[in-house]
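**Student:** Sequence first, then the predicted structure, then my questions.
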Amino acid sequence: MIIGAPKELFDAEARVALTPDSAAKLQKLGYICLVESGAGIAASIADSEYEAAGVTLVSSANELWRQADIIVKVREPSADEIDQAAEGKTLISFFNPAANTHLLEQATAKKLSVLAMDMIPRISRAQKMDALSSMSNIAGYRAVIEASNNFGRFFMGQMTAAGKVAPARVLVVGAGVAGLAAIGTSVSLGAITQAFDVRPEVSEQIESMGAEFVFLEFDENQAETGSSSGYAAPSSPEFREKQLEKFAELAPTVDIVITTALIPNQPAPQLWTADMVASMKRGSVVVDLAAERGGNCELTQPGDKVTTENGVTIIGYTDLPSRMATQSSNLYANNIRHMIDDLTPANDGNAVIDMEDDVIRGALVTHNGEVTWPPPAPNKQAIAPAAPKSNEPLESAEERAERLSEETRRSLNRTGFLLGIGGVLCMALGTVAPSSFMQHFIVFVLSIFVGFHVIWEVSHSLHTPLMAITNSISSIIIVGALLQFVSSSTVVTILASLAIVIASVNIFGGFLVTHRMLAMFKRS
């Protein structure tokens, strides 16, 4: 079968759905690849690079739509493009079926098999095909870059000869893929970063990246915030009211706000009101990643950048991934390639649409002249729901003290019992063993007892527990070797010297490894 990638017709769209690297891998699956001449120019991919990868160039989109069995695109096709397609073709692209019902009907009439890359279910097996996540990752990164370009100060705080520079304060609303990418970029640039999400289970991810999670005091039983799709569910009116109160409190304190809240096939929720913008400091920046669906900010102008009367810049660009066209094209082409890989189980260059496959069925919106959207729910949830909190009452101070006292008593009884058994055994051994043996044996037992307590009391603050224990054992070995170093026996002295050298290597090596591990988490 033949795969073709036409040039994108959408205004200012610079991405391309097929790259030389992805085409080379598709050819190994048995496919022939076509690209419209000039399709990759805006993404810095010359026609000569396609030719070097064995891709055939065609002069017009009409010719490509006629020849190709599978058409791969970035944006949804126009009505004219669908008209160019012959019946029974396969189309793989973003499609947004909820908003493009006329295209859905037109594709159905043409008996096209349409696989929407924005309908890939969010399950583990489908991550390699998840184009929304790939593009959201780029959008989150680019949002911080756009914000820094329009913000008149450093992100990182500095102490200079001219005076102290305070770090920028960044608030990221929504901790999906785009939000986490924005958090990572903001933290890496040195800003004090806060983040909010309606899903409390993502707080650990946010904090692990070095940002502060903004907690909202609200009864979790009233907040239906989770969803099996991996996206946040719509919030209740009461939760939304508390949410807006919290944002209004934060607005005067932050310099940059990046909003990423989107629910598939629904208008973007308005989370940053005009009053919040009015309370922000002059020179602040709002980047609205939900601008294409109306925006999270009340004052967002989709596709444009505006400055309010109080000097706040609001960026509503809808083409952030396209502004990094080379990187976006590479990732999107890989998503397409993985999708086609799943469509080709025999690796023979023939695509097979398996209606029993959760991923393929989830992305399929039309097939054989029938609308197959919306799909059935996948068998697996994208994010497991948070474990319900136990209803057991909290332990009081008196109950805790009583419990600790009981545990201590049991531990002492067990230790006393074991010591008693050990003493009886030692006495029994003493009745038959020579006195010289018993002297050494008692010293051996006492050294084990003392050594055990010395080793397990070592702090793990600068080491892993295993490294701390091995270092403490090596230290005891050095102490013992030093005591034997003055022995009159040459053999004992040599062995003691070797023990000191080997144990020292272990100790200093442990500190060196620890230093290198800690350096991984420091900014260079």
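**Tutor:** In hand now; what should we look at?

**Student:** Would you map the helices across the stretch 51-200 of the chain?
**Tutor:** Secondary structure of the stretch 51-200 of the chain by DSSP state H, counting those that start in this stretch: the helices cover 61-67, 79-84, 101-109, 131-150, 177-188.

**Student:** make that the stretch 301-450 of the chain, sorry
**Tutor:** Using DSSP H, counting those that start in this stretch, helices in the stretch 301-450 of the chain cover 325-343, 358-363, 397-430, 435-456.

**Student:** helices or strands next to the first one in the packing?
**Tutor:** Helices and strands touching helix 325-343, as assessed by 3 or more C-beta pairs under 8 Å, 6 or more residues apart in numbering; DSSP states H and E, comprise helix 20-28, strand 90-93, helix 131-150, helix 358-363. All C-beta spots, glycine's among them, are computed from the backbone N, C-alpha and C.

**Student:** rerun at 6 Å
**Tutor:** helix 20-28, helix 131-150 (3 or more C-beta pairs under 6 Å, 6 or more residues apart in numbering; DSSP states H and E).

**Student:** Deepest-packed of those, please.
**Tutor:** helix 131-150 (a mean of 22; mean count of other C-beta atoms under 10 Å).

**Student:** got the angle between that one and helix 177-188?
**Tutor:** Calculated by axes from the mean of the first three to the mean of the last three C-alpha atoms, to 10 degrees, helix 131-150 forms an angle of 40 degrees with helix 177-188.

**Student:** which other residues reach helix 131-150?
**Tutor:** The contact list for helix 131-150, computed with C-beta atoms under 6 Å, 6 or more residues apart in numbering, reads 117-118, 177-178, 181-182, 185-186, 256, 258, 285, 287, 289, 313, 315, 320-321, 323-324, 328, 331-332, 335.

**Student:** what residue ranges in the stretch 201-350 of the chain score low on pLDDT?
**Tutor:** 219-234, 264-265 (pLDDT under 70).

**Student:** who's in contact with T108?
**Tutor:** T108 is in contact with 366, 369, 371, counting by C-beta under 6 Å, 6+ apart.

**Student:** Switch the residues you listed over to TSV; also include pLDDT, distance to L425 and neighbour count.
**Tutor:** TSV is the format used below for the contacts of T108 (pLDDT from 0 to 100; distance: C-beta to C-beta, whole Å; neighbours: other C-beta atoms under 10 Å):
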residue	pLDDT	distance to L425	neighbour count
T366	96	81	26
G369	94	86	14
V371	95	82	16
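
**Student:** on that earlier part again, I'd like the helices of the stretch 301-450 of the chain as TSV, with mean neighbour count and distance to E238 appended.
**Tutor:** Formatted as TSV, the helices of the stretch 301-450 of the chain follow (neighbours: other C-beta atoms under 10 Å; distance: least, C-beta to C-beta, whole Å):
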stretch	mean neighbour count	distance to E238
helix 325-343	22	39
helix 358-363	22	33
helix 397-430	10	35
helix 435-456	11	51
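
**Student:** Which of those has the lowest mean pLDDT?
**Tutor:** Across the helices of the stretch 301-450 of the chain, helix 435-456 has the smallest mean pLDDT, namely a mean of 79.

**Student:** quick one: that helix to chain centroid distance?
**Tutor:** 52 Å (C-alpha atoms, centre = their mean, to the nearest Å).

**Student:** following that helix, which helix or strand comes up?
**Tutor:** helix 465-484 (DSSP states H and E).

**Student:** For V35, find the nearest of the helices of the stretch 301-450 of the chain.
**Tutor:** Closest to V35 of those, according to C-beta to C-beta: helix 325-343, at 11.0 Å.

**Student:** What is the helix or strand where T514 lies packed up against?
**Tutor:** Element membership for T514, per DSSP H and E: helix 490-519. Judged by 3+ C-beta pairs under 6 Å, 6+ apart, helix 490-519 is in contact with helix 465-484.

**Student:** any residues touching the helix it packs on, and which ones?
**Tutor:** Taking C-beta under 6 Å, 6+ apart as the rule, helix 465-484 contacts 451, 455, 458, 460, 492, 496, 499-500, 503, 506-507, 510.

**Student:** Now which of those would you call buried?
**Tutor:** Applying 16 or more other C-beta atoms under 10 Å to the contacts of helix 465-484, the neighbour count classes 455, 496, 499-500, 503, 506-507, 510 as buried.

**Student:** Pipe the residues you listed into JSON lines and attach distance to Q270 per row.
**Tutor:** Shown next, in JSON lines, are the buried ones among the contacts of helix 465-484 (distance: C-beta to C-beta, whole Å):
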{"residue": "I455", "distance to Q270": "60"}
{"residue": "A496", "distance to Q270": "76"}
{"residue": "A499", "distance to Q270": "71"}
{"residue": "I500", "distance to Q270": "71"}
{"residue": "A503", "distance to Q270": "66"}
{"residue": "N506", "distance to Q270": "61"}
{"residue": "I507", "distance to Q270": "60"}
{"residue": "G510", "distance to Q270": "55"}
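
**Student:** Among those, which one sits closest to M1?
**Tutor:** Using C-beta to C-beta, G510 comes nearest to M1 of these, at 58.6 Å.

**Student:** quick one on the thing from earlier: how about the helices of the stretch 51-200 of the chain in a markdown table, adding mean pLDDT and distance to A14?
**Tutor:** As requested, the helices of the stretch 51-200 of the chain are exported to a markdown table (pLDDT from 0 to 100; distance: least, C-beta to C-beta, whole Å):
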| stretch | mean pLDDT | distance to A14 |
| --- | --- | --- |
| helix 61-67 | 95 | 17 |
| helix 79-84 | 93 | 18 |
| helix 101-109 | 95 | 22 |
| helix 131-150 | 97 | 12 |
| helix 177-188 | 96 | 19 |
